[in-house]
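Peer 1: Let's see this in three dimensions:
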Amino acid sequence: MQWLVANLLLLFLILVGAGSFWIMGAGIRLLGLDEEIERYPLFLAAVAAIFASYYAGKFLHWLASRR
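Peer 2: Below you'll find the model as predicted:
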């Protein structure tokens, strides 16, 4: 049972990171920036997605520690 919970936790973290990057990346693409300039906001969106995954994991760890 513990392996199922651990795998669900990892899946959730991946989905949070991928989902947040997809939403931010789609917003950046809608701006219609030049390809040369577009890479910098996409890099910032990738860094923000990493932080979103980190804080989602931190929140889940906090929830688990309360139980």
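Peer 1: Tell me how far the top helix by length along the chain lies from the chain's centre.
Peer 2: What stands out as the longest helix in the chain, according to DSSP state H, is helix 35-66. Centre-to-centre, helix 35-66 and its host chain are 4 Å apart (C-alpha atoms, centre = their mean, to the nearest Å).
Peer 1: for that helix, which positions count as buried?
Peer 2: Pro41, Ala45, Ala49, Ala52, Ser53, Ala56, Gly57 (16 or more other C-beta atoms under 10 Å). Just so you know, the C-beta spots here come from the backbone N, C-alpha and C atoms, and that holds for glycine as well.
Peer 1: could you list every residue that touches the fourth one?
Peer 2: For Ala52, the contact set (C-beta atoms under 8 Å, 6 or more residues apart in numbering) comprises Val16, Gly17, Ser20.
Peer 1: For the first one, which non-adjacent residue is spatially closest?
Peer 2: Pointing back at Val16 there. Ala56 (4.3 Å; C-beta to C-beta, 6 or more residues apart in numbering).
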